[in-house]
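J.: Okay, here's the prediction I keep looking at, along with the sequence it came from:
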Amino acid sequence: MELGMEMNLLKSRPKAGRSTLAKPLSTERRVAFYLRVSTEEQAENPEGSIKNQEERLKMTLALKNSDQPFGTLGGVYCDAGRSGKDMKRPELQRLLKAIEAREINMVMVSELSRLSRSIKDFSQIWEFMQAHGCGFLSLRENFDTSTAAGEMMLYSIANFAQFERRQTSERVSAGFLSRAQRGLWNGGTLPMGYESDPEHRGSLRIVEDEAVVIRAAFGALLLQGSVSPAAKWLNENGYRLHGPLRGGGFRPRRMEFSFDSLHRLLSNVVYAGRRVIRHKSGKVEIVPAVWPALIDPGVFDRAQAFLEAGRIQKTGRESRYPYLLSTRIICGECSAPLIGNSAHGRSGKVPYYAHGSQIRREHALKQKGPRCTPFRVPGLAIEGRVWREIVALIEQPERREPLFHAILALSQSKPGQQECERGDLDLIATAEKLSNLVRRVAELPSGVSAEPFYEEMKRLGASQAELKERLKGVRVRAENQRVVSLAEYERLLGKLKDQLVDVSPESKRRMIHTLVHKVVVLSGGFELLCFVGADHIKKGGALASPSFSFTKKISVLGSDKDLNGG
């Protein structure tokens, strides 16, 4: 069951004072045993913890029935190898459904931590049980939940269970960090060319058959000078990413080299006999590893210099074409981003936008797959047309009229306003109920128990906190989606108009990114999506919604041959 469905199930409990039950309450107890262990090793032991929990629960149920009728066993729910840190457990979800359907009205566990190790999750589960007339019994803690003191102890123990889980997590993290700082392997998918060393725990040993491919990959990079030609050379000479999958995770087997797969392989410091430690603060530390280096550290460092030089060549040159639509232009057919690239023509380099990932894949594999239409678009042509549309929008008020009409229509919708108003009314009603209860408790005679009032106050307090949290999220979403006012949009365009004199490529890029959400390239034109979200207009750079689109033909780009990069 998905997390969203879990939360909906727990929030579906009926409100106090209303009869929303599909089945009438029964005095007969239908008991469910809930069993859980955290690890697969515990789960696989037939005489281990799972068996012990079930036997203890059966004995307790039989003992209670021998004194007086207590209940009949309605089902055993066992989550083997599942952590108690959250509610993503199939058998727990099946148990909650049975409680909701009134098939179970008593849950027994050997100890509280088996049900949950999170105080937040336990609170929701317990309130859900109460709302559906279900009791709870833990053998170790022996709670009496019919009294306020018993319920207080229940929450206290749940809090300690959560504390224990977090302490355990911290100890495990500290152990992993200590092992990593000593250069030991902490588990996970093993890189090609290595396998676990059974004689030295935490160390790796080289698999010579695969090491030949790894050494050839580094040699190809140093020979060819960059990643794409190196991948092509490796594929043409019969080298492949293969070998058995070792450790956790997933890695495709027996595949040809691509730009991405080769780049990941060449960047892996494991091959130089080094260990990377990534701290929670973001700091990255590299220490000597205990396993032997598959690649000479000097050769590895030379390879990293080649990779860095390629990165700088793409992003660091001042003479590089600016690509004004970078991160904004996408393919209308497959929705993939189009990447700035260039080709050599008679007059020099010609910039264009194309499906970069597919080009790299085709170059490495030396074969073409199916292509979108258009596959590439001339950079100067589409940038010029988009820029003319932006200038017209800034300088000519009559060109903004269709956009302003769209803004007005969106402004009238007031996204989220009605939900906020309903939430405010619910909060006021809840506060009034709490206030009335407090006043009634103060007026009670000395001999009358206030316990029912406290129960209702606690329920209303939890409901009030939940309402506030939900309303906070609604307001944040509503603010982010608020449509800009006409005055705000006019002020932005006025500021941009003052900058239209001697506009540099970087200024053009900044203006386009301020006003344009996306440029969607179609077979015979393009669609321009403009920002009208107040949050984006205010910040001038963050992605915002909603957006308004208008389509422009790009026949000025030339013939179909030019459009497709011929």
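T.: Arrived safely, thanks for sending. Numbers count the residues shown, from 1 in each chain.
J.: ok, for residue 217, nearest residue in space, not its chain neighbours?
T.: Leaving aside its chain neighbours, residue 217 sits nearest to residue 265 (5.8 Å; criterion: C-beta to C-beta, 6 or more residues apart in numbering). Bear in mind the C-beta positions are built from the backbone N, C-alpha and C, glycine included.
J.: sorry, that was for residue 333
T.: Nearest one to residue 333, counting by C-beta to C-beta, 6+ apart, is residue 372 at 4.2 Å.
J.: residues in contact with that neighbour?
T.: Residues in contact with residue 372 (C-beta atoms under 8 Å, 6 or more residues apart in numbering) are 331, 333, 334, 336, 355.
J.: what about 6 Å?
T.: Contacts for residue 372 (C-beta atoms under 6 Å, 6 or more residues apart in numbering) come out as 331, 333, 334.
J.: Show me just the buried residues among those.
T.: 331, 333 (16 or more other C-beta atoms under 10 Å).
J.: Among the contacts of residue 372, find me the one that's closest to residue 67.
T.: residue 334 (70.5 Å; C-beta to C-beta).
J.: looking at this, that closest one is in a strand?
T.: No: assignment of residue 334 by DSSP: H, G, I helix; E, B strand; the rest coil gives coil, placing it outside any strand.
J.: Quickly note the distance from the closest residue to it other than its chain neighbours to residue 241.
T.: Excluding its sequence neighbours, the residue lying closest to residue 334 (C-beta to C-beta, 6+ apart) is residue 372, at 5.3 Å. Taking C-beta to C-beta, to the nearest Å as the measure, residue 372 falls 27 Å from residue 241.
J.: So the residue nearest to residue 333, which state does it fall into?
T.: What three-state DSSP gives for residue 372 is coil.
J.: returning to that earlier point: what helix or strand is the residue nearest to residue 217 on?
T.: helix 259-267 (DSSP states H and E).
J.: Not counting its own residues, what contacts the helix or strand just after that helix?
T.: Sequence-wise, the next helix or strand downstream of helix 259-267 (DSSP H and E) is strand 274-278. Contacting residues not belonging to strand 274-278 are listed as 180, 183, 269, 284, 285, 286, 287, 289 [C-beta under 6 Å, 6+ apart].
J.: so the first one is in which element?
T.: It stands for residue 180. Counting by DSSP H and E, residue 180 is found in helix 148-181.
J.: pLDDT on that helix, on average?
T.: Averaging pLDDT along helix 148-181 gives 69.
J.: So what touches the next helix or strand after that helix?
T.: Following helix 148-181 in sequence order, the next helix or strand is strand 194-196 (DSSP H and E). Contacts to strand 194-196, defined as C-beta under 6 Å, 6+ apart, come from residues 204, 207, 246.
J.: Would you mind giving the domain segments of this protein?
T.: 3-167, 194-315, 323-412+483-566, 416-481 (automatic domain parsing).
J.: So which bits of stretch 451-460 are buried?
T.: By neighbour count on 16+ other C-beta under 10 Å, the buried set for stretch 451-460 is 456, 457, 459, 460.
J.: of the residues you listed, closest to residue 235?
T.: For the buried residues of stretch 451-460, the nearest to residue 235 is residue 459 (66.0 Å; C-beta to C-beta).
J.: element containing the closest one, please.
T.: helix 451-481.
J.: List the contacts of residue 239.
T.: 213, 216.
J.: That one in helix, strand or coil?
T.: Residue 239 - assigned by three-state DSSP - is coil.
J.: related to what we said a few turns ago, rank the contacts of strand 194-196 by pLDDT and give me only the lowest.
T.: residue 246 (71).
J.: quick check, that residue in a strand?
T.: No: Residue 246 is assigned coil when assessed by three-state DSSP, not a strand.
J.: returning to what we had before: by neighbours, which of the contacts of strand 274-278 wins?
T.: residue 289 (22 neighbours; other C-beta atoms under 10 Å).
J.: So which helix or strand of this protein has the lowest pLDDT on average?
T.: helix 560-563 (a mean of 32; mean pLDDT, DSSP states H and E).
J.: For residue 468, which non-adjacent residue is closest in space?
T.: residue 427 (6.9 Å).
J.: Let's verify the one you found: helix, strand, or coil?
T.: helix.
J.: was I right about it contacting residue 467?
T.: Yes: counting by C-beta atoms under 6 Å, residue 427 touches residue 467, with 5.4 Å between them.
J.: for stretch 386-403, what is the average pLDDT?
T.: 79.
J.: Wait, a strand at residue 76?
T.: Yes: counting by three-state DSSP, residue 76 is part of a strand.
J.: pLDDT at it, what is it?
T.: At residue 76, the pLDDT value in this model is 93.
J.: now it, which residues is it bridged with?
T.: Beta bridges link residue 76 to residue 33, judged by DSSP bridges.
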